[in-house]
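# Return atomic coordinates for the entry below.
(one chain, ligands or ions: 1)
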Amino acid sequence: MKLSARLALLLTLSVGVVMAVATLITLHQREGRLREAAREEVRSHAMTLRIALEEDYLTGRMLDAQRLINRLRENTGVYSVVLFDAAGEIAGISNTLAPEEFKYRNEARQVIASGKTIEIGRSIGGEDYLSLVMPIEGESRRVGALEIVQPISFVKKHIARARTDIAVTTVLVFFMILLVVTVVMRYNLARPIEELLEGAVAVGRGDLNYRVIVRSRAGELARLAQEFNRMADRLAEQRAAAAREAEERLALERKLRQSEQLAAVGSLAAGVAHEMGAPLQVIDGRAKQLLNHPDATTETRQRNLTIIRQQAERITRIVRQLLDLARPYTLKLQSVQLPHLVRETVELIETQAEGAGVKIELSLDSSAVAQADRQLIHHVLLNLCRNAIQAMPQGGWLRIECLPGAGTKEGRRFAALRVADTGEGIAPEHLSQIFVPFFTTKEVGQGTGLGLPVSRRIIEEHGGWIEAANRAEGGAVFTVYLPQARDSAEKAAGQTLAEGAIA
Ligand code: ADP
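Predicted coordinates:
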């Protein structure tokens, strides 16, 4: 039910209840007054009759008394008059009703004895009557009593009629009030509230140009409408300001990105120029020598050509790595037993490690199984091992570990490959740069500065990550995190069994 309808009904109901209570009180008062008037009338009749009867008793005209009470019957307002003698027995009665109907002789005797008038309410044939029993005084003694009975049902009938009239009037007034209150509410409360509601819905939808009609200057609803419009103004201003700011920020970001891209291209170009400059210069020098000395010995020519070939190979390697950094990868994912991969890699670097005086230690947990592209991860591990060996020119040890369940990210478990060495370590100021393309601390011809950026790219393509740190005891440690294969546990169990069978 709408608010205005509810308020109108409540208001009308309250007024109705107040009206009903007031009516009941009025009716009660009216009934009291009517009864009092009836009582007064009976009293005055009784008084008149008593005077006349006392006169008849004094003069001994008892027949006149009987005639008098008979004539009183002609008054329709009197139901009956009963005359009692000094003993309280019925001496005369104005109507033909049986004397038994009046069973109040005791009251008559009581009145004769005390000399005090009493009132009795009677119900005869379903009708209400008021009886007044009054003593009749003789010269020296009480000679009897009289009872006058008057109907008072008219009071009840009158009140019943009044109640019906008032009920009809109340219902009519109730509906009129309801109508008036509804109309007043509709125009003064419901309509403004509906308009405010529409405004709130429109603003909620994002239409900040919507304004509520302000119908009057005074009143809380008018003020509410004004405040609503002011709020919409402020919101519209804030939105415009936010849009402006967002646009400015976007433009700034675009500019920043552009300059970052330019910087990246610049540093890449510088890196390419630096890395390729040296071999190209060598090639140029050796080619010039060949051209300028056509008569050079076969041995000299052979040496120059070999150097040219070596430098061309170096350029090819750089170009390949550059391509690795930029090309999109299509991963051939499979469950890769990391311990197997480590053993394969160790076979390739064993000779190089031996030559550099590096001892290789392995700690391989067979349950470390990654969901990975076998060839690419092999490439990464090879690169990390070569870097480690190169970092230990005086020899040392290279430790490779496989760790299952080494970390979690977004609810997924990761296995890890850890490559640690006892080399020179990474200078703290270089830690943030070692993954930047062409960053290298190695001598010309030794490194391209592309190994770690390419490795990181490959690992990130797998959804993993790589961490580099220095060991407290000296040397560097690289940890590669790769998504763990879902069925790694079973595979690991199977693997151990298979290995046992081969052995
Ligand atoms: P490159 O090996 O061609 O220099 P990388 O990208 O592989 O290129 O490595 C970048 C740099 O990171 C290296 O030049 C070196 O300074 C540092 N680095 C990598 N691995 C190690 C390591 N095991 N110990 C110390 N420094 C390392």
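# Just confirm residue 147 is within a strand.
Yes. With DSSP: H, G, I helix; E, B strand; the rest coil as the criterion, residue 147 is part of a strand.
# Now it. Nearest residue, chain neighbours left out?
Using CB to CB, 6 or more residues apart in numbering and skipping residues adjacent in sequence, the residue nearest residue 147 is residue 82, 4.3 Å away. (Glycine included, C-beta is placed from N, CA and C.)
# same deal with residue 129?
Nearest to residue 129 is residue 122, by CB to CB, 6+ apart, at 4.2 Å.
# Contacts for the helix or strand containing the residue nearest to residue 147 next, please.
Assigned by DSSP states H and E, residue 82 belongs to strand 80-84. The contact list for strand 80-84, computed with CB atoms under 8 Å, 6 or more residues apart in numbering, reads 49, 53, 65-66, 69, 72-73, 90-95, 97, 99, 102, 105, 108, 112, 144-149.
# and the residue nearest to residue 147, how far is that from residue 120?
12 Å (CB to CB, to the nearest Å).
# quick one: which of these two has more around it?
Ranked by neighbour count (other CB atoms under 10 Å), residue 82 and residue 120 place residue 82 first, with 25 against 14.
# dump the residue contacts of the residue lying closest to residue 282 once chain neighbours are set aside.
The spatial neighbour of residue 282 that comes closest, neighbours along the chain excluded (CB to CB, 6+ apart), is residue 311 at 4.8 Å. Going by CB under 8 Å, 6+ apart, residue 311 touches 279-280, 282-283, 286.
# now those: which count as buried?
Judged by neighbour count, with 16 or more other CB atoms under 10 Å as the criterion, the buried members of the contacts of residue 311 are 279, 282-283, 286.
# Strands along the stretch 201-350 of the chain, start to end?
Applying DSSP state E, counting those that start in this stretch to the stretch 201-350 of the chain gives strands spanning 333-337.
# Can you list the low-confidence ranges for it?
217-218 (pLDDT under 70).
# Single out the residue in it that lies closest to the ligand.
In the stretch 201-350 of the chain, no residue comes nearer to the ligand than residue 321, which is 8.6 Å away by CB to the nearest ligand atom.
# That residue against residue 452, yeah?
No. Contact criterion CB atoms under 8 Å: residue 321 and residue 452 do not qualify, at 10.8 Å.
# between these two, who's got more neighbours?
In this view residue 321 and residue 452 are compared by other CB under 10 Å, and residue 452 has more residues nearby, 23 against 20.
# and stretch 475-488, anywhere near the ligand?
Yes. Contact of stretch 475-488 with the ligand (CB under 6 Å from any ligand atom) involves residue 476.
# and the longest helix for this protein?
Taking DSSP state H as the criterion, the chain has its longest helix at helix 220-292.
# Pull the contacting residues for residue 461.
329, 331, 376.
# so what's the second one up against?
It stands for residue 331. Residues near residue 331 by CB under 8 Å, 6+ apart: 372-373, 376, 461-462.
# Closest to residue 224 out of those residues?
residue 461 (59.2 Å; CB to CB).
# For that closest one, grab phi and psi.
With angles defined as degrees, to the nearest 10, residue 461 sits at phi -60, psi -30.
# can you pull out the helices in the stretch 1-150 of the chain?
3-59, 62-72, 105-114 (DSSP state H, counting those that start in this stretch).
# With mean pLDDT, distance to the ligand and mean neighbour count as extra columns, can I get the ones you listed in TSV?
Formatted as TSV, the helices of the stretch 1-150 of the chain follow (pLDDT from 0 to 100; distance: least, CB to the nearest ligand atom, whole Å; neighbours: other CB atoms under 10 Å):
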stretch	mean pLDDT	distance to the ligand	mean neighbour count
helix 3-59	86	73	15
helix 62-72	75	139	16
helix 105-114	86	132	17
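# All good on my end, thank you.
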